[in-house]
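> Sequence first, then the predicted structure, then my questions.
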Amino acid sequence: MRWFLVAALLTLLTSSQGILTTLSQSHGKYKYDYATVPFLAEVFKLLVSAILLWKECQASSPPRMTTEWKTVRLFPIPSIIYLVHNNVQFATLTFVDPSTYQIMGNLKIVTTGVLFRFFLRRKLTTLQWLAIVLLTVGTTTSQVKGCGEASCDSLFSAPIQGYMLGLLSACLSALAGVYTEYLMKKNNDSLYWQNVQLYTFGAIFNMARLMVDDFRVGFENGPWWRRLLNGYTVTTWMVVLNLGSSGLLVSWLMKYADNIVKVYSTSMAMLLTMVLSIFLFSFKPTMQLFLGIIICMISLHMYFAPPHTLVDLPGATTNAPSNTLKEITVDQREDS
């Protein structure tokens with residue numbers, strides 16, 4: 001499967017996550033414990049990867065699976081980074097409003113490019129760097145509210161702790177993605193074997209979070225496994241399957257493409273979500289949204305298009321002598 005098809009599918013799935021999550025609410029509230037959704041998504045990804053790995057092992061040429069501890073011990077690290085990132089998110093939202101947080105979250109686009117360059121030793125061209133900056137500008141522009149709204153001034157009114165935590169959140173998000181790509185490309189192990197390791201630790205850490213939540217409230221609602229599926233509807237299960245499927249596609253991109261492709265997919269998904277919200281939730285489109293979409297499309301073309309298609313240089317004719325420029329210069333001097 002070509003990477004751009006996977007990226008397009010990831011864009012569609014990611015754009016529908018927010019919509020499905022909103023539809024799973026009842027009168028603006030969740031009747032289920034939202035912390036159980038990531039856990040079930042990790043279990044879903046683990047089961048799918050285990051089945052695909054089992055089928056791969058039945059083939060005539062068994063897949064490569066590294067079981068050395070020095071390699072396996074690296075796989076819990078992304079889960080730990082994401083766990084810290086989630087806590088930093090909550091801390092950031094105590095200092096800034098959601099709109100400001102969403103705009104600052106676009107810094108992860110640039111930080112992903114920086115970490116991509118230094119940690120994975122991937123060299124980006126000047127045009128690609130400009131495209132990444134344009135993508136950041138485009139997504140930010142689409143999220144900025146009109147200046148007639150009360151929250152317009154909130155972007156620059158947050159305390160310094162909010163901006164520092166927002167920057168840390170962007171760096172942690174980028175670090176987790178880049179480190180995961182490093183793990184996926186570290187060796188030629190089977191993708192499904194690597195997924196099994198990633199999602200096993202992911203499920204363990206999400207289960208640990210549910211247990212911690214139980215201790216915090218003194219088991220008021222009973223242990224987490226008894227209320228695991230309380231309040232679940234068909235839409236809630238669609239959220240779980242969507243989140244799990246998106247994770248599987250991301251791992252494929254990490255293995256066979258790179259983080260920048262994932263960044264573009266998620267950024268375009270955000271814009272697509274805004275457009276779909278116009279029809280589903282009577283969301284009022286703004287001029288900033290249209291400008292942001294145009295800027296992001298230009299960025300997409302700049303990053304992935306071959307350089308020679310971006311610069312229209314006049315082609316030299318085959319019949320023209322090589323010293324044409326010199327002859328023109330001599331003629332001009334003689335005329336003067």
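Arrived safely, thanks for sending. Just so you know, these numbers come straight off a predicted model, no measurement behind them. Numbering: from 1, shown residues only.
> Helices of the stretch 201-336 of the chain, start to end?
234-256, 259-280, 287-304, 307-310, 324-335 (DSSP state H, counting those that start in this stretch).
> so how far is the shortest one off the chain centroid?
Chain-centre distance of helix 307-310: 27 Å, with CA atoms, centre = their mean, to the nearest Å.
> residues making contact with it?
By CB atoms under 8 Å, 6 or more residues apart in numbering, the list of residues contacting helix 307-310 from outside reads 125, 127, 301-302. Using the backbone N, CA and C atoms, a C-beta is placed for each residue, glycine as well.
> now with 10 Å?
For helix 307-310, contacts defined as CB atoms under 10 Å, 6 or more residues apart in numbering pick out 125-128, 131, 301-302.
> which residues does Val88 contact?
Residues near Val88 by CB under 10 Å, 6+ apart: 165-166, 168-173.
> same deal with Met104?
By CB under 10 Å, 6+ apart, Met104 lies in contact with 92, 96, 140, 155, 158, 162-163, 165-167, 169-170.
> try 8 Å
Shown in contact with Met104 (CB under 8 Å, 6+ apart): 92, 96, 163, 166-167, 169-170.
> same check, this time on Ile298
Applying CB under 8 Å, 6+ apart, one finds that Ile298 lies in contact with 134, 138.
> please redo it, this time with the cut-off set to 10 Å
Counting by CB under 10 Å, 6+ apart, Ile298 touches 130-131, 134-135, 138.
> do the same with Gln17
Gln17 touches 238-239, 242-243, 246, 266, 269, 273, counting by CB under 10 Å, 6+ apart.
> Name the residues of the host helix or strand of it that are buried.
According to DSSP states H and E, Gln17 maps onto helix 3-23. For helix 3-23, a neighbour-count test (16 or more other CB atoms under 10 Å) marks 6-7, 9-11, 13-21, 23 as buried.
> what about Leu175, which SS state?
Here Leu175 is helix, with the state taken from DSSP: H, G, I helix; E, B strand; the rest coil.
> State the number of residues packed around it.
Close neighbours of Leu175, defined as other CB atoms under 10 Å, add up to 21.
> Just the ones in helices from the contacts of helix 307-310, please.
Among the contacts of helix 307-310, the ones falling in helices (DSSP state H) are 126-128, 131, 301-302.
> would CSV of the residues you listed with pLDDT, neighbour count and distance to Asn86 be doable?
Listed next are the ones in helices among the contacts of helix 307-310 as CSV, based on pLDDT from 0 to 100; neighbours: other CB atoms under 10 Å; distance: CB to CB, whole Å:
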residue, pLDDT, neighbour count, distance to Asn86
Thr126, 89, 8, 35
Leu127, 89, 14, 35
Gln128, 91, 18, 30
Ala131, 93, 25, 29
His301, 88, 13, 34
Met302, 90, 19, 33
